[in-house]
Each structure stands twice: as structure tokens, then as C-alpha cells.
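> generate a structure from the sequence data that follows.
(one chain, ligands or ions: 1)
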Amino acid sequence: MIVAENLVKEFKVLERRPGLLGSLGTLFSREYRVVRAVAGVSFELPAGVKAAYIGANGAGKSTTIKMLTGIMRPTSGRCLVNGLEPYRERRRTAAGIGVVFGQRSQLWWDLPVPDSFRILRRIHEIPDPVYRRNMARYRQLLDLDALGSTPVRQLSLGQRMRAEVAASLLHDPAVVFLDEPTVGLDLVLKEAVRELVNQVNAELGTTVLLTSHDIGDITAICDQVLVVNHGEVVHQGTMHELLRTADTRAVVFEYRDGPTPEQAVALVEDRLDGASAGRIDGGRIKVEYPARRWSVRQVMGFLLEHFDLTDCVAPEPDLETVLRRIYARRAGTREVPV
Ligand SMILES: Nc1ncnc2c1ncn2[C@@H]1O[C@H](COP(=O)(O)OP(=O)(O)OP(=O)(O)O)[C@@H](O)[C@H]1O
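Predicted coordinates for the structure are as follows:
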């Protein structure tokens, strides 16, 4: 279980002036500004949930995860992971969590992957049957044998990421934080990582908090979505609920007889204020309309009245479009005066 209560993280950053004179000036007069990376994040994730923590670059995702894993101390607010305050109880927290940071390694740089795993086995005091069971699972799903005796520093990013994911799950943690776990992986390996996470969650009830810019990761793994924008959680709910926040809805229909497709498009755009229509493959017409202006009932009523419908579907808004809109919303500056 993960709880964040009004979590805030601020960084004090030296204000640098441009140019050589500016740099010299910085030596004598030090002006700081405060960057609020996380601006009061609150959420609660019950055990066993697979949640995506998503947002644009710089939204505050990694900083939140660093606080939840005990690497960083919150400026204010509180978080609890498996009932522990991570920053205060780092060792006990570490025993119950797994972490993958796409940019940082938890493996021993000069050792081959199997040696790192043996060390982790000792550190976490992993019982023999658990270790054997997990190694068998990773060997098959992530093709770990292919990594051989190469030291970690000589592995490709994709090879290393496979090993990182396996290492994070080796001790059957109750909670796993995955920060960009499929970065650098090809399509087949991405699939393998997603399958592994889903399998571990289904078998052991592992709670998953995932950040990713890869929509495929989010849709393949997560049942909950937290969207963070400018350091604040602006949406929490299921994927379906997030998609329903889109203010544009669509309907695709087919009809027989009556108006030509061009006439049909013109009719829709003329009668449904704010809607846009267009022909898509074959004779089908796609209509996009503002949900605030028109209800589904009104749109369907209109179509039934004017067309002899042979097919009609209402596709879900796609996640990418919804996220693009949320990310584009600028919430002013996050910098606060010192
Ligand atoms: N150590 C630091 N010192 C100063 N500013 C920082 C520090 N770490 C992060 N920031 C700032 O805090 C904000 C949030 O950064 P963070 O890395 O949490 O974003 P993110 O959502 O993980 O982004 P990305 O998707 O690019 O990884 C950014 O404006 C970043 O520049």
C-alpha cells in the first residue's frame, strides 16, 4: 500500500546569469530561486493495484518516486509505503520494495549479471525456493542466459534494463516502483517486461507504480492512472475514467441510400454545432463533437432521423490525445520566491 499526503519537494537552485560577466557576477552575489518539483501530491493506492504515474517531462514524477523510495526527504508532507515512512526507515523500506530507475543502475557495474543477483540474494536473505522460482521465471521471460558473463558496464541499454527489472523483483517485494522500465527495449522485450510485471502482480499481489512515456506500457500494465501536471496530481482513476474526461467524443457510422457522403458530411457539420465530420475508409463517416454541447442521445437521435444506419460505433478517445491536452494546460509558474 502506498500513501502520499500533501507531499512537497522543493529544490533551491542557484540563479545563473548569462554570459561571462554574468558567471563572474554569480561568484560574488549568490541569488537562489526555489523550484517546486512536487507541489502537494496526495493519493492512496491499495495493495495489489497497478498504477501509472504519468505526466509530461519535468512534471515531478521521478522526484515523487525518489521520496516514496526513501532516496529523498520530502520538504513537507508525508508518505507511507507498506506502513513505513521511507526516508526515516530506509533499510526496512528497502526490504519490502523493488525499484527500477531507467537512468540509474542497481547492479554492480563491473560484475556479470548473475553475480549481482547472487549479491542481492544475500542482501535480501532470499530463501532458496523463492530465488530458484524467480530465476526460472526471468530466465525464460527475459532471456537472461543470453547476457552470459559480460560485466554490466558492457551490456547494451536493453540488456541492462532486462536485468534491472529482474533484480527489482528478485526478493518478491510487496511494492515495485518502475521508472521508465522499458526505455531502450525493442518491441519483443517490452512485451516480455510487461508480461513479467503482470504475471508477478497476478501471482503475488505485488503493488506496481509505473512511470512511462510509452502509452503501450500504461495500457498493457495499469488498471489505475494518476496524472501529474506541474507537480500536482490532476487526475486519479481508472483508464476508462481518464478517457472519459476528454471533451471530444466521436461516432463512426455507415448508412445506405439517401445523401452522398459529401452531402452527409455537410449535413452533420451544418446541424451539429461545433462538430466536424469526414469520410474514413470506404463509405463510413466519422463525426467528432464537443461532449459539453451535445449528448450521446442527441447525436444518435440526429443520425437516426437523417440516415438509414447500417452500422454505428462510438470509439473511445485515445489516451495520447487526452494526455496531450492535459500536458498542454499550463498552470502558471511553479517557481516560488525564496
Ligand atoms: N536535484 C534537483 N535540483 C533542482 N531541480 C530539480 C532536481 N531534480 C529535479 N528538479 C526539477 O524538478 C522538476 C521535476 O523533475 P522530475 O525529474 O521529477 O520530473 P519528471 O516528471 O520525472 O520528468 P521526466 O519525465 O523528464 O523524467 C523539473 O523541473 C526538474 O528540473
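
> contacts only, for the closest residue to residue 138 other than its chain neighbours.
In space, and not counting its chain neighbours, residue 138 is closest to residue 166: 4.1 Å by Cβ to Cβ, 6 or more residues apart in numbering. Backbone N, C-alpha and C define where each C-beta goes, glycine included. By Cβ atoms under 8 Å, 6 or more residues apart in numbering, the contact set of residue 166 is 117, 134, 138, 142, 144, 196.

> break this protein into its domains for me.
Per automatic domain parsing, the structural domains of the chain span 2-243, 247-316.

> need the per-residue pLDDT for residue 214.
Listed pLDDT for residue 214 reads 87.

> next: residue 90.
89.

> relative to the whole chain's centre, how far out is stretch 164-172?
Distance of stretch 164-172 from the chain centroid (Cα atoms, centre = their mean, to the nearest Å) equals 19 Å.

> in that stretch, what counts as buried?
164-172 (16 or more other Cβ atoms under 10 Å).

> mind picking the one among these that's closest to residue 298?
residue 165 (48.2 Å; Cβ to Cβ).

> separation between the closest one and residue 218?
16 Å (Cβ to Cβ, to the nearest Å).

> which bits of this protein sit near the ligand?
Residues of the chain lying close to the ligand by Cβ under 6 Å from any ligand atom are 11, 13, 35, 37, 55, 57-63.

> state the pair within these that is farthest apart.
Using Cβ to Cβ, the residues of the chain next to the ligand span at most 20.2 Å, a distance reached by 13 and 55.

> which residue of those two possesses the greater neighbour count?
residue 55 (24 against 11; other Cβ atoms under 10 Å).

> give me the nearest residue to that one, chain neighbours excluded.
residue 228 (3.9 Å).

> count the neighbours of that neighbour for me.
Other residues close to residue 228 by other Cβ under 10 Å number 25.

> is it true that it lies in a strand?
Yes: Residue 228: assigned to a strand according to DSSP: H, G, I helix; E, B strand; the rest coil.

> that one against residue 61, yeah?
Yes: counting by Cβ atoms under 8 Å, residue 61 is a contact partner of residue 228 at 6.0 Å.

> okay, and the common contacts of these two?
By Cβ under 8 Å, 6+ apart, the residues touching both residue 228 and residue 61 are 53-55.

> remind me which residues of the chain are low pLDDT?
17, 21-30, 329-338 (pLDDT under 70).

> can you give me the helices in it?
Listed in chain order, the helices of the chain (DSSP state H) span 19-28, 61-68, 90-96, 113-123, 128-142, 157-169, 187-204, 215-221, 239-244, 261-271, 296-306, 319-328.

> nearest to residue 251, out of those?
Of all those, it is helix 296-306 that lies closest to residue 251, at 6.0 Å by Cβ to Cβ.

> how far does that closest one sit from its chain's centre?
37 Å.

> what residues are up against residue 321?
246, 248.

> what's the separation between it and the ligand?
According to Cβ to the nearest ligand atom, to the nearest Å, residue 321 stands 19 Å off from the ligand.

> likewise for residue 220?
The value you get for residue 220 to the ligand, if Cβ to the nearest ligand atom is used, is 19 Å.

> now do residue 143
In terms of Cβ to the nearest ligand atom, residue 143 sits 27 Å off from the ligand.

> that older thread, now the residues of the chain next to the ligand: which count as buried?
By 16+ other Cβ under 10 Å, those give 35, 37, 55, 59-63 as buried.

> ok, back up a step: point out the most buried one among the domains of the chain.
domain 2-243 (a mean of 18; mean count of other Cβ atoms under 10 Å).

> which residues sit in contact with residue 186?
residue 158.

> which of the buried ones among the residues of the chain next to the ligand sits closest to residue 307?
residue 55 (41.4 Å).

> gap between the closest one and residue 149?
40 Å.

> kindly report the same for residue 59.
40 Å.

> what does residue 289 give?
Computed as Cβ to Cβ, the residue 289 to residue 149 distance reads 60 Å.

> swap in residue 231?
Taking Cβ to Cβ, one finds residue 231 at 44 Å from residue 149.

> over to residue 73?
39 Å.

> quick revisit: and the buried residues of stretch 164-172, which is closest to residue 205?
When the buried residues of stretch 164-172 are compared against residue 205 (criterion: Cβ to Cβ), the nearest one is residue 172, at 10.2 Å.

> what sits closest to residue 278 if chain neighbours are left out?
In space, residue 278 is closest to residue 286, 5.7 Å off (Cβ to Cβ, 6+ apart).
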